[in-house]
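Engineer: Give the three-dimensional model of this entry:
(one chain, ligands or ions: 2)
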Amino acid sequence: MKIIVGSKNPTKIKAVQEVFANGVISSLDVESHVAAQPFSDEETRKGAINRAIQCAESIRNGMGIGLEGGVMYVDNRLFLCNWGALVTQNGTIYTASGARILLPEEINQQLKSGMELGDVMDSYSKKHDVRKKEGAIGIFTNDLVSRQEMFTHVVRLLRGQWEYGK
Ligand SMILES: O=P(O)(O)OP(=O)(O)OP(=O)(O)OC[C@H]1O[C@@H](n2cnc3c(O)ncnc32)[C@H](O)[C@@H]1O
Ligand SMILES: [Mg+2]
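Structural biologist: Ligands and ions are numbered 1, 2, ... in the order given. You can find the predicted model right below:
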């Protein structure tokens, strides 16, 4: 099974490699066609779908997978959210959401000022490229859950729906 992942982010690529261990996995840097910092479940999900469609359309006899991180509000509190999409060769779209956790109010203010979470997390944690390593979810769970592990769960949900629908 050939699968193209719509990102060059290693946390996303490794998540797909783990779930489709027997697949032929490649990656493609595609546009999400949503804001660089998605600000709702709908926008984040749309970004994942847009990535997956571009990937599926770029390959014969294969599938596209898009994974997108974003933020959204519950009771006016900012949460990290994550969405994935799998698009089959015949155009069927499966989606699933991943874990979400509360983000500090100071991060909410910085994102509302137009910053991207990836940049905010690096300065907040005084680390480099958090987005490609433990992720915000890793920082705020004391590394109990990494960004790759979170995306692995999302990809399992996608694969499970695809297998059920086959
Ligand atoms: O290369 P791509 O696939 O775009 O990966 P990315 O790290 O930019 O991640 P997304 O586009 O999926 O996420 C949209 C924005 O939210 C940020 N983001 C989302 N989840 C994050 C996390 O767990 N840790 C750090 N930044 C995160 C990310 O850096 C972007 O600025
Ligand atoms: Mg991005």
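Engineer: Mind listing what's buried along the helix ranked longest in the chain?
Structural biologist: In the chain, with assignment by DSSP state H, the single longest helix is helix 147-165. Going by neighbour count (16 or more other C-beta atoms under 10 Å), the buried part of helix 147-165 is 147-155, 157-159. Every residue, glycine included, has its C-beta placed from N, CA and C.
Engineer: got a pLDDT number for Glu57?
Structural biologist: Among the per-residue scores, Glu57 holds a pLDDT of 96.
Engineer: before we move on, what about Val155?
Structural biologist: Per-residue pLDDT puts Val155 at 98.
Engineer: now do Lys166
Structural biologist: pLDDT recorded at Lys166 is 85.
Engineer: Report how many residues lie close to it.
Structural biologist: 7 (other C-beta atoms under 10 Å).
Engineer: about what we covered before: ok, which of the buried residues of helix 147-165 also contact ligand 1?
Structural biologist: Among the buried residues of helix 147-165, the residues that sit close to ligand 1 (C-beta under 6 Å from any ligand atom) are Arg147.
Engineer: out of the buried residues of helix 147-165, which one sits closest to Ile101?
Structural biologist: The closest of the buried residues of helix 147-165 to Ile101 turns out to be Met150 (C-beta to C-beta; 9.5 Å).
Engineer: wait, that closest one sits on Arg100?
Structural biologist: No: using C-beta atoms under 8 Å as the test, Met150 is too far from Arg100 to be in contact (9.4 Å).
Engineer: Give the residues shared as contacts by those two.
Structural biologist: Residues touching both Met150 and Arg100 (C-beta atoms under 8 Å, 6 or more residues apart in numbering) are Asn82.
Engineer: Grab the two from the buried residues of helix 147-165 that are most spread out in space.
Structural biologist: Arg147 and Arg159 (18.6 Å).
Engineer: picking that back up, with distance to Lys166 as extra columns, can I get the buried residues of helix 147-165 in JSON lines?
Structural biologist: Shown next, in JSON lines, are these (distance: C-beta to C-beta, whole Å):
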{"residue": "Arg147", "distance to Lys166": "29"}
{"residue": "Gln148", "distance to Lys166": "26"}
{"residue": "Glu149", "distance to Lys166": "26"}
{"residue": "Met150", "distance to Lys166": "26"}
{"residue": "Phe151", "distance to Lys166": "23"}
{"residue": "Thr152", "distance to Lys166": "21"}
{"residue": "His153", "distance to Lys166": "21"}
{"residue": "Val154", "distance to Lys166": "19"}
{"residue": "Val155", "distance to Lys166": "16"}
{"residue": "Leu157", "distance to Lys166": "15"}
{"residue": "Leu158", "distance to Lys166": "13"}
{"residue": "Arg159", "distance to Lys166": "11"}
